[in-house]
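**Q** what shape does this take:
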Amino acid sequence: MSACVPTRATDPTRTERTQSPAPPPTRRRRFRLDGADVSASIAVFLIALPLSLGIALATGAPLQAGLVAAAVGGLVVGRLGGSPLQVSGPAAGLTVVTADLIQRYGWRTTCAITVLAGLAQLGLGCLRVARTALAVSPAIVHGMLAGIGVTIAVAQLHIVLGGTPQSSVPDNLRALPAQLADLHPAALSVSALTLALLLLWPRLPGRTGRLLRKIPAALVAVAGATAAASLAGLRLPKVDLPSWSSHALAGLPEGPVLGVVAAVLTTTLVCSVQSLLGAVAADKLVAGRPNLPPGVGRSNLDRELLGQGAANIVSGGLGGLPVAGVAVRTSANVHAGAVSRNSTMLHGVLVVAATLLMVPLLELIPLAALAALVMSVGIQMVSLHHIRTVTRHREVLVYAVTTAGVVFFGVLEGVTLGIAVAVAVSLHRLARTRITHDEQEGVHHVHVRGQLTFLAVPRLSRALHLVPQGAPAIVELDGSFMDHAAYETLQDWQNTHTARGGSVELTGRRAGLKISEPGVPTTVHNEPGSAEAPASAGCRCRPWTPWRNHQCEQPHLAPASGARQDGSCDGSVDGDGDGDGGGGGTAGPARGASGHELKRGISAFQRHTAPLVRGELARLAREGQRPSQLFLTCADSRLVTSMITSSGPGDLFVVRNVGNLVPPPAHAGTGTQPGEESGDDSVAAAIEYAVEVLKVRSITVCGHSGCGAMQALLATEPGDAGTPLKRWLRHGMPSLERMADTGRPWPRLAGRAPADAVEQLCLTNVVQQLEHLRAHESVARALREGAVELQGMYFHVGEAQAYLLSGAEEDQVFDHVRAADVPA
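**A** Predicted structure coming up:
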């Protein structure tokens with residue numbers, strides 16, 4: 001017997017298990033329903049009910065089919081799906097597909113196609129190919145949805161005007177003049193009221209408006225239009241829900257085999273892509289919530305596809321519309337505070353209850369109100385944000401072709417056209433390379449924009465041979481790919497040019513390094529006969545390495561404090577080794593013979609960083625700055641705001657001064673009146689500009705360890721204000737007084753006490769400056785309106801640890817910010 005399988009006689013654990021008493025039976029965990037899930041399910045139900053009826057009306061299906069799909073989507077996908085907070089049901093994105101199927105094959109065959117599409121989704125889920133659907137270009141997906149939205153809006157416009165829609169967009173457009181000549185005032189007035197309520201309800205002002213806006217605009221619009229039509233006695237076509245005993249179920253597919261197969265593929269494609277993209281969007285919505293639900297993880301896309309497939313099998317079998325993830329309901333579910341999949345399932349239960357108990361009320365709804373609701377949904381599917389995004393990424397052609405294809409030919413045909421155009425555009429970009437040559441101050445620049453393939457080798461060779469022999473040259477490679485033919489051409493020219501006394505510098509990045517042979521550092525050749533120095537591609541310094549420690553780039557400089565004699569950088573920046581910049585030595589930054597660190601730094605930026613950020617900065621130059629944060633911090637050189645916040649251009653509106661002080665406004669306890677001269681308005685002007693003009697949503701006051709301003713404040717003598725610095729530090733006296741007040745609790749760090757009086761004052765100063773912020777009129781007004789939030793932050797320089805202020809006035813604690821605290 002194998003040694004790794006013990007016998008019965010020699011297995012002591014087995015003997016003990018047989019002699020020990022049986023464990024007590026475990027009690028089954030009781031089902032618990034969170035109150036947040038109940039309130040969220042009600043909010044989703046109130047949106048789903050009118051939309052389900054409206055989508056069924058737009059497809060030409062029995063109106064009960066929309067309610068069946070909503071109930072099945074809530075119960076089946078809610079239980080089996082992989083995205084706990086995504087809400088599924090009849091989706092507007094499927095309206096055009098379903099309407100076309102009903103017109104071609106009839107309702108019973110359409111239900112059978114839905115069942116077959118569900119089986120196909122189950123197969124794809126078992127094959128675990130869900131993430132493959134995300135490889136489809138967003139321009140194609142958004143173009144498909146926009147085309148569907150245009151088709152829905154044009155068709156429902158006829159019902160809004162009191163007529164009947166045609167089978168296609170061109171037919172509806174041709175029939176529109178006749179429909180405008182034969183208006184039905186009653187239908188038009190009800191539709192206009194519905195659209196007005198949809199538009200105005202989310203914009204109700206004031207505190208009362210905030211409370212009323214919690215009621216979904218779709219419910220208010222349909223209910224208001226129904227009440228107005230009933231009170232006015234208007235004779236209009238209304239919802240007709242026949243007896244469930246006569247509800248049509250799925251039948252065997254009838255029609256040409258190829259046509260049915262194409263219909264199944266189209267339904268599977270649209271349902272799957274919309275559901276999977278909705279699951280990804282749901283993850284983003286959940287990650288953006290301030291209090292992340294502990295039991296909600298990232299979506300399992302393969303399980304979500306299996307859940308959607310099961311729902312389509314059940315919905316089609318029961319005579320319901322196709323089911324997919326619905327963005328509007330998912331957004332409402334997340335924003336209403338749902339914490340588990342119970343909210344989605346409970347919304348399905350409410351739909352079933354309404355279907356059985358509210359039929360008399362539902363039959364009062366005018367069809368014109370539902371048509372106006374669905375038309376507004378179709379219009380919203382043509383998103384200006386998506387158009388701007390695809391335009392910025394130069395994919396507007398793909399978007400436009402997909403949209404036009406869906407509108408004029410159909411969903412499957414439009415998506416096929418979009419994929420073909422996307423492939424053609426990608427090939428064009430791969431083959432299109434722009435190569436330029438110019439001379440600046442005696443240095444020849446060859447700039448390559450795009451991918452370097454064998455197709456570009458002739459133009460590359462011509463540009464390189466424009467560089468005279470012996471001249472210094474810089475070759476800038478902005479692309480991310482270079483094939484072997486282009487590489488050999490470039491390397492052969494470089495070797496020949498340097499052998500004849502010239503110098504060559506290659507700039508460009510692949511995986512963070514300059515383009516060169518693997519394992520061979522790129523070198524910069526200086527004057528003939530001089531030593532070769534490794535270029536910055538071989539530099540071991542990090543982007544945050546201070547100038548004085550760049551010994552590997554400047555070997556002729558004397559070693560600085562924190563730099564080893566071998567020329568490499570160990571990353572420390574102060575003499576005592578704790579990284580906080582204080583004590584333990586007086587060595588200052590070592591300077592080169594020329595002292596031109598700034599010029600060298602700018603030159604390195606232009607060569608290496610500028611090509612990478614030029615596109616983003618060009619976008620910001622066109623669109624203007626739209627920062628979300630006002631970040632007020634100290635002028636200390638060790639505090640690099642973009643590094644400690646991982647922010648980029650356009651994210652933070654930064655205000656820096658000595659001590660991160662916020663002088664209170666002139667009238668706040670200073671004895672002056674509003675509008676009078678306060679002595680320093682620079683910070684106040686920045687605050688007003690950020691809040692009133694830039695509309696920032698958050699203001700952060702960030703202090704730090706070892707703050708020289710706080711040390712100077714502790715050493716300040718009363719009445720000593722003889723210099724500009726000492727006059728400025730008077731704005732920090734309230735912080736000093738707050739710390740001396742024994743009746744007020746001291747702010748503290750989570751897990752430990754402040755190291756000394758300086759650190760205690762640094763923490764207290766952050767809290768005090770937040771109080772000064774609240775005294776500014778623009779900030780106070782924004783806080784009352786809920787348009788901005790304030791937060792305190794403390795950065796310990798030596799530990800590279802950030803802390804965020806939490807707690808109430810009586811217990812103010814700066815908590816650690818760890819990687820695990822924030823969702824990926």
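
**Q** what's near enough to touch residue 662?
**A** 632, 683, 687, 701, 731, 769, 772-773, 776 (CB atoms under 8 Å, 6 or more residues apart in numbering). Backbone N, C-alpha and C define where each C-beta goes, glycine included.

**Q** any idea which element it lies in?
**A** Assigning secondary structure by DSSP states H and E places residue 662 outside every helix and strand.

**Q** from residue 735, how far out is it?
**A** Residue 662 sits 10 Å away from residue 735 when distances are taken as CB to CB, to the nearest Å.

**Q** between these two, which contacts overlap?
**A** With the criterion set as CB under 8 Å, 6+ apart, the overlap between the contacts of residue 662 and residue 735 is residue 769.

**Q** now the contacts of residue 662 as CSV including distance to residue 222 and secondary structure?
**A** Output for the contacts of residue 662, formatted as CSV (distance: CB to CB, whole Å; DSSP: H, G, I helix; E, B strand; the rest coil):
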residue, distance to residue 222, secondary structure
632, 47, strand
683, 51, helix
687, 44, helix
701, 47, strand
731, 57, helix
769, 50, helix
772, 49, helix
773, 44, helix
776, 44, coil
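
**Q** just the buried subset of the residues you listed, please.
**A** Members of the contacts of residue 662 that pass the buried threshold by neighbour count (16 or more other CB atoms under 10 Å) are listed as 632, 683, 687, 701, 731, 769, 772-773, 776.

**Q** between the residues you listed, which sits nearest residue 725?
**A** Of all those, residue 731 has the smallest distance to residue 725: 11.5 Å, by CB to CB.

**Q** does that closest one touch residue 658 like I think?
**A** No. Contact between residue 731 and residue 658 fails when scored by CB atoms under 8 Å: they sit 9.8 Å apart.

**Q** now do stretch 653-662: distance to the chain's middle.
**A** A distance of 29 Å separates the C-alpha centroid of stretch 653-662 from that of its chain, computed with CA atoms, centre = their mean, to the nearest Å.

**Q** meant to ask about stretch 121-131
**A** Distance, stretch centre to chain centre, for stretch 121-131: 26 Å (CA atoms, centre = their mean).

**Q** likewise stretch 491-506?
**A** Once both centres are worked out by CA atoms, centre = their mean, stretch 491-506 turns out to sit 45 Å from its chain's centre.

**Q** mean confidence score for it?
**A** For stretch 491-506, the per-residue pLDDT values average out at 87.

**Q** which stretches of the stretch 351-500 of the chain have low pLDDT?
**A** Within the stretch 351-500 of the chain, the segments meeting pLDDT under 70 span 480.

**Q** tell me where the stretch 51-200 of the chain has helices.
**A** With DSSP state H, counting those that start in this stretch as the criterion, the stretch 51-200 of the chain has helices at 63-72, 78-80, 95-105, 107-126, 138-160, 169-181, 185-200.

**Q** now distance to residue 465 too, for those, in TSV please.
**A** As requested, the helices of the stretch 51-200 of the chain are exported to TSV (distance: least, CB to CB, whole Å):
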stretch	distance to residue 465
helix 63-72	67
helix 78-80	66
helix 95-105	57
helix 107-126	54
helix 138-160	39
helix 169-181	56
helix 185-200	64
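
**Q** need the winner for burial among those.
**A** helix 63-72 (a mean of 29; mean count of other CB atoms under 10 Å).

**Q** packing partners of that helix?
**A** Judged by 3 or more CB pairs under 8 Å, 6 or more residues apart in numbering; DSSP states H and E, the packing partners of helix 63-72 are helix 35-59, helix 301-317, helix 342-357.

**Q** residue 95 against residue 60, yeah?
**A** No. Residue 95 is beyond contact range of residue 60, at 9.7 Å (criterion: CB under 8 Å).

**Q** for the closest residue to residue 204 other than its chain neighbours, give me the pLDDT.
**A** On the basis of CB to CB, 6 or more residues apart in numbering, the spatially nearest residue to residue 204 that is not a chain neighbour turns out to be residue 212, at 5.5 Å. Per-residue confidence (pLDDT) for residue 212: 85.

**Q** thinking again about what came up before, and residue 236, which of the helices of the stretch 51-200 of the chain is closest to it?
**A** Short answer: helix 185-200, nearest of the helices of the stretch 51-200 of the chain by CB to CB, at 5.5 Å.

**Q** and that closest one, how far out from the chain's middle?
**A** The offset between the C-alpha centroid of helix 185-200 and the centroid of the whole chain comes to 34 Å, using CA atoms, centre = their mean.

**Q** quick one, it and helix 35-59 angle?
**A** Using axes from the mean of the first three to the mean of the last three CA atoms, to 10 degrees, the direction of helix 185-200 lies 140 degrees away from that of helix 35-59.

**Q** angle of helix 185-200 against helix 138-160?
**A** Using the same axes, to 10 degrees, the interaxial angle of helix 185-200 with respect to helix 138-160 works out to 140 degrees.

**Q** can I get helix 185-200 in PDB, CA atoms only?
**A** Extracted as PDB, the C-alpha positions of helix 185-200 are listed here (Å, rounded to 0.1, in the frame of the first residue of the first chain):
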ATOM      1  CA  PRO A 185     -55.200  66.500 -29.700                       C
ATOM      2  CA  ALA A 186     -56.100  64.200 -26.800                       C
ATOM      3  CA  ALA A 187     -53.200  61.800 -27.400                       C
ATOM      4  CA  LEU A 188     -50.800  64.700 -28.000                       C
ATOM      5  CA  SER A 189     -51.800  66.500 -24.800                       C
ATOM      6  CA  VAL A 190     -51.400  63.400 -22.700                       C
ATOM      7  CA  SER A 191     -48.000  62.700 -24.300                       C
ATOM      8  CA  ALA A 192     -46.900  66.300 -23.800                       C
ATOM      9  CA  LEU A 193     -47.800  66.100 -20.100                       C
ATOM     10  CA  THR A 194     -45.900  62.900 -19.700                       C
ATOM     11  CA  LEU A 195     -42.800  64.300 -21.300                       C
ATOM     12  CA  ALA A 196     -43.000  67.500 -19.300                       C
ATOM     13  CA  LEU A 197     -43.200  65.600 -16.000                       C
ATOM     14  CA  LEU A 198     -40.300  63.400 -17.100                       C
ATOM     15  CA  LEU A 199     -38.200  66.500 -17.800                       C
ATOM     16  CA  LEU A 200     -39.100  68.700 -14.900                       C
END
